[in-house]
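In: Could you look at this predicted model? Sequence included:
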Amino acid sequence: MRTVNDLFLGTVKLGLPEYGFSSAEVSEGFDPVQFLRAAAKLGVNRFDTSPRYGSSEELIGQFVKNSDPVPFVASKIDNLTAGNPDSPKIMEQSVSDSLLKLNLPALDICYLHQNEIEILSDKYVHEGLGILKEKGLIRKIGASIYSEEECLYALKSGVFDIIQVPVSVFDLGLYNSFVYEHSTSIVLVARSLLLQGILVNRKSMNKRIRRSEPVRKYLDKLDKIADSCGISTLEMALAFVYGLPGIDYYVIGTTSLQNLKHDIECMKVELPQYVTDELKALAGVEKEWTNARNWK
């Protein structure tokens, strides 16, 4: 059974409240630092952030000041170009800026926020990652990927310690190809568990997703399956991904303490085998709309 130690709290919405569909509006008077402290009291001590996430790094930095133990933090490097000899300097500056904001001496994980194969395989980017590790500014190197080509490269290159992949009740494409029963020393982290919250926040779907009808029909199927075993669709979706073998950690994004508690409780839910089998069949079919980049 999964535990709270298997979770990273995704903090994109902490720094960019308008992001995604989840908990659409942050309530008036919401204190993000207090929220992080409350999450830590629940046992959540791993945090996923990025310079791209608005004020997220600064907020985590305020939380870190008075934290004991010091939390485990993953952040990212962005705005790189392929074939640029200055990439190592740009990367070191990016990480140094992040560490200053985070009040940390080193990143536990440093991801490349860009997934393009030209960036993942760039020799200057590799050089920069090596320098960052040698200087003790980062402890582990990660890649956050979207395609089979990117995943295969990240697994085989020998550069990356950790790979973050989308895994959900909507999409098992990369999981089926590279994670399930895959023998590797590389740590595998699942993200996009609720596909930016469309599972539970459906009202604005027509405005946000260009062709939303296939998504609605899929959600209707999920609702019927969940109803057949007497649980909510959200509980079913999370229990499904928590029950998949081969995944080391999960990224859960929320700014609601109540939702976070619920997400943790879903680790205790065991699905009937027929439900798991039905969901695997549905999620194993390729769908264009599971990539949020195709929504507009």
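Out: Structure's in. What do you need?
In: ok but residue 189 is inside a strand, no?
Out: Yes. According to DSSP: H, G, I helix; E, B strand; the rest coil, residue 189 belongs to a strand.
In: any idea how far residue 259 is from it?
Out: According to Cβ to Cβ, to the nearest Å, residue 189 and residue 259 sit 20 Å apart. To be clear about C-beta, it is placed using only N, CA and C from the backbone, and glycine gets the same treatment.
In: Name the residue in the two with the higher neighbour count.
Out: Ranked by neighbour count (other Cβ atoms under 10 Å), residue 189 and residue 259 place residue 189 first, with 23 against 17.
In: that's a strand at residue 62, yeah?
Out: No. With three-state DSSP as the criterion, residue 62 is located in helix rather than a strand.
In: burial of it, as a residue count?
Out: So residue 62, with other Cβ under 10 Å, has 17 neighbours.
In: Kindly report the same for residue 92.
Out: Neighbour tally, residue 92, other Cβ under 10 Å: 16.
In: Using CSV, write down the CA coordinates of whichever strand or helix holds it.
Out: Here residue 92 sits within helix 87-102, counting by DSSP states H and E. The C-alpha trace of helix 87-102 is given here as CSV (Å, rounded to 0.1, in the frame of the first residue of the first chain):
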residue,chain,number,x,y,z
SER,A,87,24.2,26.6,-21.7
PRO,A,88,26.4,25.5,-18.6
LYS,A,89,26.6,29.1,-17.5
ILE,A,90,22.9,29.7,-18.1
MET,A,91,22.0,26.5,-16.2
GLU,A,92,24.3,27.4,-13.2
GLN,A,93,22.7,30.8,-13.0
SER,A,94,19.2,29.4,-13.1
VAL,A,95,19.9,26.9,-10.3
SER,A,96,21.7,29.5,-8.2
ASP,A,97,18.7,31.8,-8.6
SER,A,98,16.3,29.0,-7.6
LEU,A,99,18.4,28.1,-4.5
LEU,A,100,18.4,31.7,-3.4
LYS,A,101,14.6,31.9,-3.6
LEU,A,102,14.2,28.5,-2.0
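In: Residues contacting it, please?
Out: Helix 87-102 is contacted by residues 49, 51, 57-58, 60-61, 64, 73, 75, 77-81, 84, 105-107, 110, 122, 124-125, 127-129, 131-132, 135, 137-138 when judged by Cβ atoms under 8 Å, 6 or more residues apart in numbering.
In: Could you check how far the residue lying farthest from the centre of the chain is from residue 290?
Out: Of all residues in the chain, residue 85 has its C-alpha farthest from the mean position, at 29.8 Å, by Cα atoms, centre = their mean. Distance, residue 85 to residue 290, by Cβ to Cβ: 37 Å.
In: Ok, residue 92 next?
Out: Taking Cβ to Cβ, one finds residue 92 at 35 Å from residue 290.
In: And residue 5, by the same measure?
Out: Distance from residue 5 to residue 290, by Cβ to Cβ: 28 Å.
In: And for residue 11?
Out: With distances taken as Cβ to Cβ, residue 11 is found 23 Å from residue 290.
In: and those two? which has more neighbours close in?
Out: When neighbours are counted by other Cβ under 10 Å, residue 11 comes out ahead of the other of residue 11 and residue 290, with 31 against 19.
In: mind listing the helices for this protein?
Out: In the chain, the helices defined using DSSP state H lie at 12-15, 32-41, 56-65, 87-102, 117-120, 123-134, 148-156, 173-174, 205-208, 213-228, 233-242, 257-265, 273-283.
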